[in-house]
Structures are given as structure tokens and as C-alpha cells.
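S.K.: what's the 3D shape of this:
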Amino acid sequence: MSPVRRVRDPSLGTQLFVLQMAIVLLAVGSTAGVWAQHTRAQLDSLYQQRALAIAQSVAGLPEVREAFELQRPEAVLQPLALSVQQTTGADYVVIANDDQIRYAHPNASLIRKRLSTDGTYVLSTGRSWVGTEKGTIGITVRGKTPVLDEYGTVIGLVSVGVLETTVVDEVAGALPPLLWTALVVLAAGLAAAALITARVRRQTFGLEPRDIAALLEQREGVLHGVKEGVLALDLDGRVTLVNDAARELLGDVGDDLTQMAVSDRMRDVLGGADPGEDRIVLHRDRVLVLNRTPVAVRGQHRGWVITLRDRTELVRLARELDDTSSATGALRAQAHEFANRMHTVVGLLEMGEHEAAINFITSTTRGTYASDLHDRVRDPTLAALLLAKSAEAAERGARLVLAEDSAVPEGVLGDPQDAVLVVGNLVANAIDALDGRGGTIEVSVAADERGLRVRVGDSGPGITPELVEEVFREGFTTKAARSGTRGLGLALTRQACLRRGGWVKVRNSGGAVFTALLPAAKVPV
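M.R.: Have a look, this model is predicted:
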């Protein structure tokens with residue numbers, strides 16, 4: 001940077017240094033000025049009182065009163081005044097009568113002449129006076145007092161003064177210590193200003209205000225521009241930073257962790273009670289993935305930054321893909337079974353066993369699971385889901401049967417999204433519970449205008465009693481893997497039921513039996 005540029009646009013450190021030095025100079029100058037003024041006022045008062053004391057001493061001398069009765073008072077008073085002046089160090093001692101005619105003065109030529117300053121106040125009131133006036137020898141600090149006869153009558157006055165220059169010289173004599181003190185204070189201020197400037201430079205990493213402003217603008221732009229939610233907490237759990245995406249995902253954030261309207265599971269993840277990466281949490285209708293990262297500044301731990309990713313759509317797509325895969329597998333199994341049957345029919349016909357071929361075809365097309373399912377579950381989406389889950393169960397060595405009390409009339413479900421979520425997750429959980437060991441899964445679905453009632457039971461090992469409520473918490477799973485969407489199925493099921501004003505619960509009866517109620521319309525919980 002050129003010298004001209006540095007003068008026109010000084011750095012932050014230079015500005016702080018100049019500002020601090022100006023403050024120090026102003027403080028020291030003001031203090032010195034006040035001290036000098038105060039000292040001058042004290043010395044003025046001191047010399048005034050000293051002059052008044054000398055004047056009162058002279059006025060009280062008997063020979064002064066007696067001299068006023070003589071034909072020529074100056075013959076006595078002039079030598080007396082000069083003697084007092086020389087003895088006390090006063091610059092003048094003046095004695096005058098009640099007509100303000102001088103009887104004594106340092107300049108003998110002014111004797112028998114009128115006073116240059118007015119003494120009416122002292123002569124008329126009989127009281128003493130102190131002050132600063134300009135007389136024949138210059139500006140003086142003086143004291144005046146009346147001369148009284150034996151009857152207390154004012155017969156004249158005595159005025160004693162000290163030149164103002166004497167006071168000024170004494171003040172000037174006291175200035176060197178003051179100047180040295182001021183220089184020491186200035187040096188200390190200079191050192192302190194330099195230290196403060198260096199500290200500010202370290203704390204701002206040498207950045208200028210314009211650089212700090214640019215960084216702030218960039219930070220705001222990045223924070224509010226990213227799609228992921230960003231939430232920063234200090235060591236006490238107070239919110240220090242939150243961007244727009246985090247507010248959209250969490251709602252009202254509040255001032256600290258205790259004021260957030262979140263579940264206990266999310267509060268555990270945000271507060272660090274449930275550590276780990278990619279923690280999956282349900283919040284309202286969203287599936288969020290949280291990561292909690294410590295923040296260190298200059299090697300010291302200062303807080304935490306939590307990132308929030310919305311995986312609701314990914315989970316939904318993964319569930320739909322899983323259902324599609326199950327349906328594809330079911331169709332593949334049915335195609336394979338149909339091909340085997342067709343080969344059997346062709347073989348019978350080639351052998352001329354026409355009657356046997358007809359009987360085989362009749363027996364294979366009567367009372368199939370698909371036709372029975374369609375007769376009881378008239379909703380095509382739910383029926384397709386159960387058919388796909390039946391094929392999936394068969395591929396994993398289990399058998400899915402539809403309970404006798406199942407009945408879903410066509411059109412009563414309306415939007416089948418929540419119904420598919422609840423039934424699909426409960427059946428998938430039952431298939432996982434059998435874990436390839438074989439067994440039976442009984443599914444009961446019954447719907448009317450009031451809602452859908454679901455019961456899914458399996459012949460597996462059941463649920464440990466102390467985990468009856470825990471199985472519905474998001475993130476809970478008995479499977480080996482704890483990543484991805486593991487541990488979300490039952491939590492999503494419970495959330496869907498509660499959102500509609502229903503419920504879901506589990507009990508053990510020869511295995512785990514899950515029962516859910518999904519009301520037809522959403523009602524306040």
C-alpha cells in the first residue's frame with residue numbers, strides 16, 4: 001500500500017492507536033490544565049489572605065492611629081510602611097485616610113495623592129476586602145482593611161499587595177514536576193495503546209474492518225444458501241447460530257436446547273447424549289439425519305455444530321422401491337410357477353391325457369391366494385401390497401396368511417398412503433422377526449368408514465417385555481445394522497397412527513402381535 005493510501009485509508013490498528021493516543025493526550029492535557037488552574041486559584045487565595053493579614057497587623061498598630069492625628073502623618077507612616085514591606089516581602093504597603101489620600105506608598109511622589117483604586121467599600125462598611133486589582137505598580141493580589149480610632153470610627157485604610165507576576169512565577173516553578181508526570185503518563189499511555197493495538201490485531205487475525213465485513217457477508221450468504229440445516233450450540237447448550245434451513249426443519253428454535261420443541265430422542269442427539277454419525281431422528285413428518293461436530297478455536301473447545309439433512313423423500317422412495325422389489329419378486333415367482341404348470345399341461349396333452357390335463361387346470365385355478373385376497377381386500381393398492389409381501393415371505397421361508405376377519409371394502413380407505421405405510425412396516429417387521437427360520441405371519445385388515453384396524457402376528461420369539469415401548473422409538477432395532485433407515489419402520493408406523501388420532505401397540509401371544517388403529521380422518525391428538 002502506498003504512503004498516500006495509508007494516510008487516506010489507515011489500518012484498524014493505526015486508527016485504534018491514534019484514537020487511544022488522542023484520548024491519552026486529551027486526558028493528560030485536561031488534568032494538567034485543571035491542576036494549573038486549581039494551583040493558581042489556591043496561590044491567589046493564599047497571597048490574598050497573606051496580604052490581608054499584613055494589612056490588619058499594620059492597621060492595628062497604635063502608632064498608626066496616633067499618626068492620623070499629626071499635622072504630617074506621612075512622616076511617621078511612610079517609614080513604617082517601607083519597613084513592613086521590606087520585612088514581609090510584600091510588593092507594596094499603602095496607608096490612606098478616609099478621603100482616600102495616601103500617607104504611605106512605595107513611590108514617595110504619590111504621597112498626598114488619591115488612591116488609584118477605589119476604597120469606598122472598606123471605608124463605608126468598615127469591613128476588610130481581598131481581590132485582584134490593577135494599580136500604579138501593575139496587577140496585584142491585595143488585601144484592604146480599615147483603620148479605626150479608639151471609638152471604632154473608620155479614619156483610613158491599609159492596602160497590602162503582591163504582584164501577580166510573583167504568583168505566576170510560583171506556579172511556573174511547580175510546572176516541571178507536573179510536566180515530568182505528564183510525560184510519564186504519556187509514555188505509559190503510548191505503551192498501553194501499542195499493547196491494545198497488538199492484541200486487537202491478534203484477535204482479528206490481522207484483518208481490516210472491510211475484510212471482516214466481507215467475511216461476515218460471505219458467512220451469511222453461505223449459511224442461508226446451503227440446503228442443509230446448520231445449528232450451532234455453545235458449551236452451555238445455548239443457540240449461537242441457526243440458518244434458514246434449520247428453522248424450516250425444526251420450527252421455533254428458541255434460545256437454548258431446553259426451549260426446543262423436539263422429542264427426547266432429538267434432544268439426546270443435539271445434546272450429545274446419543275453420540276455417533278448420521279443419527280436418524282423423526283421430527284414431525286420428516287426423517288432427519290443429524291451429525292454433531294465439535295468446534296475448536298485456537299485449540300480450545302468452544303461448542304458444537306449440528307448439521308441436519310432432510311431424508312424424508314429418500315426414505316419414502318426407498319420404501320416404495322422396496323415394495324416395488326417385493327412386487328417384482330412376487331411376479332417373478334408367479335411367472336416361474338405358471339411356467340411349471342404350463343409345462344405340466346403341455347406334457348399331459350402330448351401324452352393324450354386330456355382328462356387329466358383338464359382336471360389339473362381346474363384344480364390350479366380354483367381357490368388361489370390372489371383370488372381369495374382380492375375377494376376380501378377390495379382396495380387394489382393394499383391388496384397389491386399384501387400380495388407382494390406374501391411373495392417376499394415365501395422367498396424367505398415364511399408363509400403369510402390372511403385372517404378370516406379381514407374385510408376392506410372398495411373406496412373406504414381414500415388415500416391409501418398411511419394404510420400402506422402401517423401395514424407394510426408391520427408385515428416387514430414380522431418377516432424380519434422370523435429371520436429366515438420359517439413360520440407363519442397372520443395379517444388381519446378390516447376397514448369401514450371409521451378407519452382401518454390392522455393386526456399382524458408372527459410365530460417368532462416375541463418382544464422382551466421391557467422393550468414393548470422401546471421398539472417404537474426411532475433408531476431402535478434388534479438387527480445387526482444400525483445405519484440407513486434401520487429402526488424407522490415402527491417409529492414411522494406409530495407416528496402415522498398418532499397423527500391421525502389412532503394408536504399402535506404390541507403384545508406377546510405365541511410371538512409378537514402388533515395391533516394398530518388408523519382413523520379415517522385426521523383428528524387433533
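
S.K.: C-alpha from now on. contacts and neighbour counts both.
M.R.: Noted.

S.K.: In three-state terms, label Pro55 for me.
M.R.: Not Pro; residue 55 is Ala. Classification of Ala55 using DSSP: H, G, I helix; E, B strand; the rest coil returns helix.

S.K.: any idea how far it lies from Leu157?
M.R.: To Leu157, Ala55 is 9 Å away according to Cα to Cα, to the nearest Å.

S.K.: Name the residues contacting each of these two.
M.R.: Common neighbours of Ala55 and Leu157 are listed as 144-145 (criterion: Cα atoms under 8 Å, 6 or more residues apart in numbering).

S.K.: Name the residues of whatever helix or strand Thr166 lives in that come out as buried.
M.R.: Assigned by DSSP states H and E, Thr166 belongs to helix 164-203. Neighbour-count burial for helix 164-203, counted by 16 or more other Cα atoms under 10 Å, picks out 164, 167, 171, 182, 185-186, 189-190, 193-194, 196-197, 200.

S.K.: What of stretch 278-298?
M.R.: Within stretch 278-298, the residues scored as buried using 16+ other Cα under 10 Å are 278-283, 286-293, 295.

S.K.: Just name the closest of the residues you listed to Val504, please.
M.R.: Leu282 (16.7 Å; Cα to Cα).

S.K.: which ones are touching the closest residue to the closest one other than its chain neighbours?
M.R.: The shortest distance from Leu282 to any non-neighbouring residue, by Cα to Cα, 6 or more residues apart in numbering, is to Leu288 (6.1 Å). Residues near Leu288 by Cα under 8 Å, 6+ apart: 280-282, 308-312.

S.K.: how near is Leu288 to Ser109?
M.R.: Leu288 is 111 Å from Ser109, by Cα to Cα.

S.K.: what is the mean pLDDT for the helix holding Thr166?
M.R.: In this model, helix 164-203 has a mean pLDDT of 75.

S.K.: what packs against that helix?
M.R.: Applying 3 or more Cα pairs under 8 Å, 6 or more residues apart in numbering; DSSP states H and E, we find helix 164-203 packed against helix 12-59, strand 138-148.

S.K.: For Val456, find the nearest of the ones you listed.
M.R.: Using Cα to Cα, the nearest of the helices and strands packed on helix 164-203 to Val456 is helix 12-59, at 71.8 Å.

S.K.: That closest one versus helix 164-203: what angle between them?
M.R.: Inter-element angle recorded for helix 12-59 and helix 164-203: 160 degrees (by axes from the mean of the first three to the mean of the last three Cα atoms, to 10 degrees).

S.K.: picking that back up, assign the residue nearest to Leu282 to helix, strand or coil.
M.R.: strand.

S.K.: Can you give me the separation between the residue lying closest to Ala512 once chain neighbours are set aside and Ala430?
M.R.: Using Cα to Cα, 6+ apart and skipping the chain neighbours, the partner closest in space to Ala512 is Gly462 (4.2 Å). Going from Gly462 to Ala430 by Cα to Cα gives 10 Å.

S.K.: any common contacting residues for these two?
M.R.: With Cα under 8 Å, 6+ apart as the test, Gly462 and Ala430 both reach Ala512.

S.K.: shaky segments in the stretch 51-200 of the chain?
M.R.: Across the stretch 51-200 of the chain, the ranges flagged by pLDDT under 70 are 171-175, 178.

S.K.: domains of this protein?
M.R.: What the record gives for the chain is the domain set 14-169, 211-309, 370-519, from automatic domain parsing.

S.K.: could you give the mean pLDDT of the second one?
M.R.: If I follow you right, that is domain 211-309. Mean predicted lDDT for domain 211-309 stands at 77.

S.K.: distance between that domain and the chain's centre?
M.R.: When distances are taken as Cα atoms, centre = their mean, to the nearest Å, domain 211-309 is centred 13 Å away from the chain's centroid.

S.K.: repeat for the longest one
M.R.: Centroid separation for domain 14-169 versus its chain: 69 Å, with Cα atoms, centre = their mean.

S.K.: End to end on it, go ahead and measure it.
M.R.: 41 Å.

S.K.: Looking at strand pairing, list the partners for Lys505.
M.R.: Thr515 (DSSP bridges).

S.K.: which ones are touching it?
M.R.: 514-516.

S.K.: All the strands of the stretch 401-525 of the chain, in order from the start?
M.R.: 439-448, 451-458, 503-508, 512-519 (DSSP state E, counting those that start in this stretch).

S.K.: Out of these, flag the one nearest Arg238.
M.R.: Short answer: strand 503-508, nearest of these by Cα to Cα, at 35.2 Å.

S.K.: What's the mean pLDDT across the closest one?
M.R.: Strand 503-508 comes out at a mean pLDDT of 88.

S.K.: Max pairwise distance over the buried residues of stretch 278-298: which two?
M.R.: Largest pairwise distance in the buried residues of stretch 278-298, by Cα to Cα, is 27.0 Å, between Arg286 and Val295.

S.K.: Now do the same contact list for Arg114.
M.R.: Taking Cα under 8 Å, 6+ apart as the test, what Arg114 contacts is 99-102.

S.K.: Swap in 10 Å and give it another go.
M.R.: 96-97, 99-103 (Cα atoms under 10 Å, 6 or more residues apart in numbering).

S.K.: Pick out the residue nearest the middle of this protein.
M.R.: Among the residues of the chain, the one closest to the centroid is Thr240, at 4.4 Å (Cα atoms, centre = their mean).

S.K.: Now do the contacts for it.
M.R.: 231-234, 255-256, 303-305.

S.K.: could I get these as TSV with distance to Val76 and secondary structure?
M.R.: As requested, the contacts of Thr240 are exported to TSV (distance: Cα to Cα, whole Å; DSSP: H, G, I helix; E, B strand; the rest coil):
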residue	distance to Val76	secondary structure
Leu231	101	strand
Ala232	98	strand
Leu233	97	strand
Asp234	94	strand
Asp255	95	coil
Asp256	97	strand
Gly303	96	strand
Trp304	100	strand
Val305	101	strand
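
S.K.: which one of these sits closest to Val28?
M.R.: Using Cα to Cα, the contacts of Thr240 come closest to Val28 at Asp234, 42.7 Å.

S.K.: Hmm, the closest one is touching Val295, no?
M.R.: Yes: here Asp234 lies in contact with Val295, judged by Cα atoms under 10 Å, at a distance of 9.0 Å.

S.K.: shared neighbours of those two, which are they?
M.R.: With Cα under 10 Å, 6+ apart as the test, Asp234 and Val295 both reach 301-305.

S.K.: Tell me the most packed of the residues you listed, by neighbour count.
M.R.: Trp304 (22 neighbours; other Cα atoms under 10 Å).

S.K.: SS state for the residue in the chain sticking out farthest from the centre?
M.R.: Using Cα atoms, centre = their mean, the residue of the chain lying farthest from its centre is Gln71. It sits 95.7 Å away. Following three-state DSSP, Gln71 is assigned to coil.
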